[in-house]
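**Q** Fold the following and give me the result.
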Amino acid sequence: MRLQKVLAAAGIGSRRACEQLIAEGKVSVDGRGVAELGARVDPGTAVVRVNGKRVNLRTDLVYLALNKPRGMVTAMSDPHGRPNVGDVVAHLPQRLFHVGRLDADTEGLLILTNDGEFAQRLAHPSYEVVKTYIAEVPGVVDRGLGARLRAGIELDDGPVQVDDFRVLDSSADRSLVQVSLHEGRNHIVRRMLDAVRYPVGKLVRVAVGPVRLHDQRPGTLRELTSAELGELFRQLQL
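**A** Numbers count the residues shown, from 1 in each chain. Coordinates of the predicted model:
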């Protein structure tokens, strides 16, 4: 297929806009710059990048963002009949799986895919993809808590430290805090804040790397944008 047609089908832009990107030398195929509009590629095997970011050309690979509601189990099925992630994607032809987990009481962003290598790298802390959460905790947060969490604290299964911590809102009764970290251990945010005597009430994951929840409604799915996917590919060295 002609390169500009492949790029347009991948959502990069109109065919004319893709031709402009090629002419400006912003497109590479298998590591080589391409400036000829007549270039042809196999979308099933070619690695195409625009402005250095890889473009997903394979229509058989799916990358979705789910806003998991509270009470939904992070599993593709449940023997007890509880609402689960598998229910949301049961209508799709692909066999999908979730990357990482959110416990039933935690809501927010969960990525679903059928790309095994992508999922494995995204779940591995060595690639340092930052996950961001908003947590509700009781009372007023101590002014030095952020510095303490950035320096690291010790849990039963080893040390943990945050990439970023900030207080979004505070009152005498409760505070909203934003926590960013690239850890993937079970219940890590709840356990970490509980260890510093700020037990978590409501917890929402609002971002995974460049993918943000924004105003996506609970229980709904959307495809990752080409920009989000390109940045994740870059971070995961794909």
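
**Q** Tell me how far the spatially most central residue of the chain lies from Ser170.
**A** Nearest to the mean C-alpha position of the chain, counting by Cα atoms, centre = their mean, stands Val208 at 3.2 Å. Val208 sits 26 Å away from Ser170, going by Cβ to Cβ, to the nearest Å. Quick note: C-beta positions are derived from backbone N, CA and C, even for glycine.

**Q** And for Ile134?
**A** Ile134 sits 13 Å away from Ser170, going by Cβ to Cβ.

**Q** okay, those two: which has more neighbours?
**A** Taking other Cβ atoms under 10 Å, Ile134 and Ser170 do not tie; Ile134 has more neighbours (19 against 14).

**Q** Please compute how far stretch 39-51 lies from its chain's middle.
**A** Centre-to-centre, stretch 39-51 and its host chain are 24 Å apart (Cα atoms, centre = their mean, to the nearest Å).

**Q** Same question for stretch 168-175.
**A** Averaging C-alpha positions (Cα atoms, centre = their mean) puts stretch 168-175 28 Å from its chain's average.

**Q** Residues touching that stretch, excluding its own?
**A** For stretch 168-175, the surrounding residues in contact (Cβ atoms under 8 Å, 6 or more residues apart in numbering) are 134, 136-141, 167, 176-178, 201.

**Q** Stretch 39-47 now?
**A** Stretch 39-47 has contacts (Cβ under 8 Å, 6+ apart) with 1-3, 6, 9, 22, 29-31, 48, 54, 57-59.

**Q** and those residues, which are buried?
**A** Neighbour counting by 16 or more other Cβ atoms under 10 Å classes 2-3, 6, 22, 29, 48, 54, 57 among the contacts of stretch 39-47 as buried.

**Q** Verify the stated contact: Val6 with Leu57.
**A** Yes - look at Val6 against Leu57 with Cβ atoms under 8 Å: they come within range, at 5.8 Å.

**Q** Residues in contact with both of those two, list them for me.
**A** Counting by Cβ under 8 Å, 6+ apart, the contacts common to Val6 and Leu57 are 41, 43, 46, 48.

**Q** Tell me the span between the first and last residue of stretch 144-157.
**A** End-to-end distance for stretch 144-157, by Cα to Cα, to the nearest Å: 24 Å.
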